[in-house]
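1. My questions concern the predicted model and sequence given below.
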Amino acid sequence: MKITKQTVENVAMLSRLNIADNKMDKYIEEFSNFLEYVDVLQQVNTENIKPTAHVLPLQNVFREDIVKSSLSREAALANAPEQEDGYFKVPRIIE
Amino acid sequence: MELYKQPAHTLHDMLVKREITSTELTRAFLNRIEQTDADIHSYITTTAEKALNMAKSADEKISSGESVSFLTGLPGAIKDNICTLGVKTTCASKMLENFIPPYNAAVMEKINHMDAVILGKTNMDEFAMGGSTENSAFFPTHNPYDTDCVPGGSSGGSAAAVAGGLAAWAIGSDTGGSIRQPASFCGIVGLKPTYGRVSRYGLVAYASSLDQVGPLTRDVTDCANILNVIAGYDSMDSTSINEPVPDYTKALIKDVRGLKIGLPAEYFVDGMDEEVIRAIHAAVADFKAMGAQVVEISLPYTKYAIAAYYLVASAEAATNLSRYDGVSYGSRVSGEDIVAMMTNTRTEKFGNEVKRRIMIGNYALSAGYYDAYYLKALKLRTLVKEDYDKAFEKVDVILAPTAPTPAFKIGSIINDPLQMYLQDACTVPLNLAGLPGISLPCGFSKAGLPIGMQIIGKPLAEETIIKTAFTYEQSKDFHKMFAGVIE
């Protein structure tokens, strides 16, 4: 399947990534090669096959709603790129 | 006798008999790291001071006559995607270059509880994406057998550290072969447990339905001992299996009489190295001579496993790695608004392979392509799993090569992502099916590089594959070798 520049740009936007102009051709080529390779899956008739998202026969795992100790605010903020007054700080979102 | 050349169980015996102290042992490994890691580059971070403190406390336990565990005072290494409280955990990524976890992974809690000594954090492919450790954002790791070659990946630092005598044991993670393939390339033993056998809590997520933590060791005895430490239910991992953990060292028995071994034709893929094929066939003959029954089996959907794996793993990776947004931890690159900040952060701080998989994953999950790619891959996953289910009605274990070739040269295929993906042909099917597999050395190429074979078991049949591997290992000298020389 041939991939266009527009498709790559759209996926990059969804992924919050920028593709530099000088790398675009390489991305298109690699993407096309990959999709061409995985097209092998289309050879298989999977009409009545159930998908396996997970190998274990697990449903929801519940636990009692008990208060347990958790990270202190200080520890939770220790790796924050930017913080202020005990909060994570991000660029202004609302004008 | 050089301590760093010994398997962990020999060192454990010496510690218990008080022939050496953990402090002496730890110093021996730290010296070895100082002398050789400039050539191997197995560690991202070394924690010498902490290690010596841990050794001191282990020595106090041993000399006080308290009961000691297998790991008490034994210096080991941890892959840098396993969270270590207070010690940088980078995932070999610029994104987490300065990340210091505020908690320990479940496996670290267990290992620390055993009074082990941690020497440091090992190099890997960024976020565990790769099979050569060349995708580390910091530096590639070199194979101790031939420093021009890769150690495999993504747990390449852990494998090289154990093979080169820079750690007595190591922990890695395996999403599509990342423990077994580097074990194979470095001539050591690596085990991927059954999905859910070892807690993933605190393992930085790559593809959550495929990831497992496991040991990399010098021999099968060490492997069983370390699995004893890390296996078990954990309420912090909702996919953890709540089944009793056997004593895996009880499976260290030399006996394959009557064992039914399946040999799948499909694992001898196109382009497989002749020397690998010969080594596996020689191992088959050895197993027969020891009383095992070898039968040819077919796993017809194997040829679709790589395509299914890369779609599933990339889809899960795209989702998991969306958390790196420059807000609560990790790196941040500024931007004029929040979307620009996130985009700049991710563009600058993720490496090429990580970006490639995020993009593939988001494409496969996006509207219009979901059914054709992601859902189709999940259906093929079912078929791959059913192949194994059918095979295991007839055989006890499956024997296959671990990788299609011995270690390749650094730089030789890094620019061809698809070629790199094809390296995983023999390892990814197990992850799709959640099965346990162990890789152990079964020969050497003419160039002197190790060749590994893989023994695959039913879910939770770690004991069976350990017993099978142990029987083979003890009939050979490969486990007595250190970087190609019999010690």
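-> Sure, I can see it.
2. Tell me the spacing between B:Asp59 and B:Thr72.
-> For B:Asp59, the distance to B:Thr72 equals 9 Å [C-beta to C-beta, to the nearest Å]. Any C-beta I mention is one placed from the backbone N, CA and C, and that applies to glycine too.
3. shared neighbours of those two, anything?
-> Common contacts of B:Asp59 and B:Thr72 (C-beta atoms under 8 Å, 6 or more residues apart in numbering or on different chains): B:Ser22.
4. how about the nearest residue to A:Ala76 once chain neighbours are set aside, what does it touch?
-> The spatially closest residue to A:Ala76, leaving aside those adjacent along the chain, is B:Pro102, at 6.8 Å (C-beta to C-beta, 6 or more residues apart in numbering or on different chains). For B:Pro102, the set of contacting residues under the criterion of C-beta under 8 Å, 6+ apart consists of A:Leu71, A:Ala75, A:Ala76, A:Ala78, A:Asn79, B:Leu85.
5. Including neighbour count and distance to B:Lys467, could those residues go into CSV?
-> What follows is those, written out as CSV (neighbours: other C-beta atoms under 10 Å in any protein chain shown; distance: C-beta to C-beta, whole Å):
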residue, neighbour count, distance to B:Lys467
A:Leu71, 11, 42
A:Ala75, 13, 44
A:Ala76, 16, 45
A:Ala78, 15, 46
A:Asn79, 16, 44
B:Leu85, 16, 36
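6. if we take those residues, which one ends up nearest to B:Tyr145?
-> B:Leu85 (34.2 Å; C-beta to C-beta).
7. Alpha carbons of the strand or helix carrying B:Leu380, as CSV, please.
-> Assigned by DSSP states H and E, B:Leu380 belongs to helix B:376-391. Taking only C-alpha atoms (Å, rounded to 0.1, in the frame of the first residue of the first chain), the coordinates of helix B:376-391 have been written out as CSV:
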residue,chain,number,x,y,z
LYS,B,376,-6.6,-8.5,11.9
ALA,B,377,-3.4,-8.8,13.9
LEU,B,378,-5.3,-9.8,17.1
LYS,B,379,-7.1,-12.6,15.1
LEU,B,380,-3.8,-13.9,13.8
ARG,B,381,-2.6,-13.9,17.4
THR,B,382,-5.5,-16.3,18.2
LEU,B,383,-4.3,-18.5,15.4
VAL,B,384,-0.7,-18.5,16.5
LYS,B,385,-1.8,-19.4,20.0
GLU,B,386,-4.1,-22.2,18.7
ASP,B,387,-1.1,-23.6,16.8
TYR,B,388,0.7,-24.1,20.1
ASP,B,389,-2.4,-25.4,21.9
LYS,B,390,-2.7,-28.1,19.3
ALA,B,391,1.0,-28.9,19.3
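8. Tell me how many other residues crowd residue 9.
-> Unless you meant another one, I'm taking chain A. For A:Glu9, the neighbour count with other C-beta atoms under 10 Å in any protein chain shown is 14.
9. looking at chain B here, not the other one
-> B:His9, neighbours per other C-beta under 10 Å, totals 21.
10. what do you get for B:Ser366?
-> The local packing of B:Ser366 (other C-beta under 10 Å) involves 16 other residues.
11. In this structure it contacts A:Met13, no?
-> No. Between B:Ser366 and A:Met13 no contact is recorded; they are 11.0 Å apart, counting by C-beta atoms under 8 Å.
12. Contacts for the helix or strand of chain A at the bottom of the mean pLDDT ranking next, please.
-> Taking mean pLDDT, DSSP states H and E as the measure, chain A has helix A:21-38 as its least confident helix or strand, at a mean of 93. The list of residues contacting helix A:21-38 from outside it, by C-beta under 8 Å, 6+ apart, reads A:1-5, A:7-8, A:19, B:307, B:310-311, B:356, B:359-360, B:363, B:373, B:377, B:417-418, B:421.
13. Report pLDDT for the residue nearest to B:Leu460 when sequence neighbours are not counted.
-> Among residues not flanking B:Leu460 along the chain, B:Thr194 sits closest, at 5.1 Å (C-beta to C-beta, 6+ apart). B:Thr194 carries a pLDDT value of 98.
14. thinking again about what came up before, how close does the residue nearest to A:Ala76 sit to B:Thr343?
-> B:Pro102 is 27 Å from B:Thr343, where distance means C-beta to C-beta.
15. What of B:Lys121?
-> Computed as C-beta to C-beta, the B:Lys121 to B:Thr343 distance reads 29 Å.
16. More neighbours: which of the two?
-> Neighbour count, other C-beta under 10 Å: between B:Lys121 and B:Thr343, B:Lys121 has more, with 26 against 21.
17. Tell me where chain B is predicted with low confidence.
-> Scanning chain B for pLDDT under 70 picks out B:484-487.
18. Grab the most central residue of it for me.
-> The geometric centre of chain B, computed from its C-alpha atoms, lies nearest to B:Ile179 (C-alpha atoms, centre = their mean), at 1.8 Å.
19. right, and that one touches B:Leu216 too?
-> Yes. Counting by C-beta under 8 Å, B:Leu216 is a contact partner of B:Ile179 at 6.1 Å.
20. Run a quick neighbour tally on B:Gly351.
-> Counted by other C-beta under 10 Å, the residues lying close to B:Gly351 total 19.
21. Could you check how far it is from chain A?
-> As judged by C-beta to the nearest C-beta, to the nearest Å, B:Gly351 and chain A stand 12 Å apart.
22. how close does the residue lying closest to that residue once chain neighbours are set aside sit to chain A?
-> Computed as C-beta to C-beta, 6+ apart, the closest residue to B:Gly351 that is not its neighbour in sequence is B:Glu126, at 4.7 Å. Note on B:Glu126: its distance to chain A, by C-beta to the nearest C-beta, is 15 Å.
23. B:Glu126: what's it in contact with?
-> Each residue near B:Glu126 by C-beta under 8 Å, 6+ apart is listed here: B:Cys91, B:Ala92, B:Ser93, B:Asn135, B:Ser136, B:Ala137, B:Phe350, B:Gly351, B:Glu353, B:Val354.
24. Now name the helix or strand holding the last one.
-> In other words, B:Val354. When elements are assigned from DSSP H and E, B:Val354 belongs to helix B:352-365.
25. Near the residue nearest to B:Phe70 when sequence neighbours are not counted, how many other residues are there?
-> Excluding its sequence neighbours, the residue lying closest to B:Phe70 (C-beta to C-beta, 6+ apart) is B:Asn225, at 4.4 Å. Neighbour count for B:Asn225, taken as other C-beta under 10 Å: 24.
26. Give the full set of residues in contact with B:Asn225.
-> Contacts of B:Asn225 by C-beta under 8 Å, 6+ apart are B:Ala8, B:His9, B:His12, B:Phe70, B:Leu71, B:Tyr248, B:Thr249.
27. which element is it on?
-> Of the helices and strands defined by DSSP H and E, B:Asn225 is found in helix B:220-230.
28. Distance check, the residue most central in space within chain A against B:Asp80.
-> With distances taken as C-alpha atoms, centre = their mean, A:Ser15 lies nearest the centre of chain A, 6.9 Å away. As defined by C-beta to C-beta, A:Ser15 lies at a distance of 24 Å from B:Asp80.
29. repeat for B:Leu166
-> Between B:Leu166 and B:Asp80 the computed distance is 14 Å (C-beta to C-beta).
30. With B:Glu266 instead?
-> Where B:Asp80 is concerned, B:Glu266 sits at a distance of 34 Å (C-beta to C-beta).
31. between these two, who's got more neighbours?
-> In this view B:Glu266 and B:Asp80 are compared by other C-beta under 10 Å, and B:Asp80 has more residues nearby, 30 against 18.
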